[in-house]
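Participant: quick one, fold the following:
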Amino acid sequence: AAIHMVSAWATANHISLGQRTTDAKSNEITAIPKLLEVLEISG
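Facilitator: Sure thing, here's the model as predicted:
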């Protein structure tokens, strides 16, 4: 089975800030807030 993931990418720095696996029937709308919770982002 395929692994479903979302990632946060810092374009200016060309680095990945984080990745998170998601459920097969999930989508970005529900998965991204969960990823952002674990990242320390301000602004």
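Participant: quick check: residue 9 touching residue 16?
Facilitator: Yes: because the distance of 5.7 Å satisfies Cβ atoms under 8 Å, residue 9 is recorded as touching residue 16. Quick note: C-beta positions are derived from backbone N, CA and C, even for glycine.
Participant: you'd agree residue 26 is up against residue 4?
Facilitator: Yes: Residue 26 lies in contact with residue 4 (Cβ under 8 Å); the separation is 6.8 Å.
Participant: need the nearest residue in space to the residue most central in space within the chain, chain neighbours excluded.
Facilitator: The central residue of the chain, meaning the one whose C-alpha is nearest the mean C-alpha position (Cα atoms, centre = their mean), is residue 7 at 3.3 Å. Closest residue in space to residue 7, ignoring its immediate chain neighbours: residue 19 at 4.4 Å, by Cβ to Cβ, 6 or more residues apart in numbering.
Participant: for the one you found, what are phi and psi?
Facilitator: Backbone geometry at residue 19, expressed as degrees, to the nearest 10, gives phi -140, psi 150.
Participant: quick one: contacts for residue 19?
Facilitator: With contacts defined as Cβ atoms under 8 Å, 6 or more residues apart in numbering, the neighbours of residue 19 are 5, 6, 7, 8, 35.
Participant: biggest separation within those residues, which pair?
Facilitator: Greatest spatial distance among the contacts of residue 19 (Cβ to Cβ): 5 and 8, at 11.0 Å.
Participant: who has more neighbours, those two?
Facilitator: Neighbours were counted for residue 5 and for residue 8 using other Cβ atoms under 10 Å; residue 8 has more, 16 against 11.
Participant: for that one, which three-state class applies?
Facilitator: strand (DSSP: H, G, I helix; E, B strand; the rest coil).
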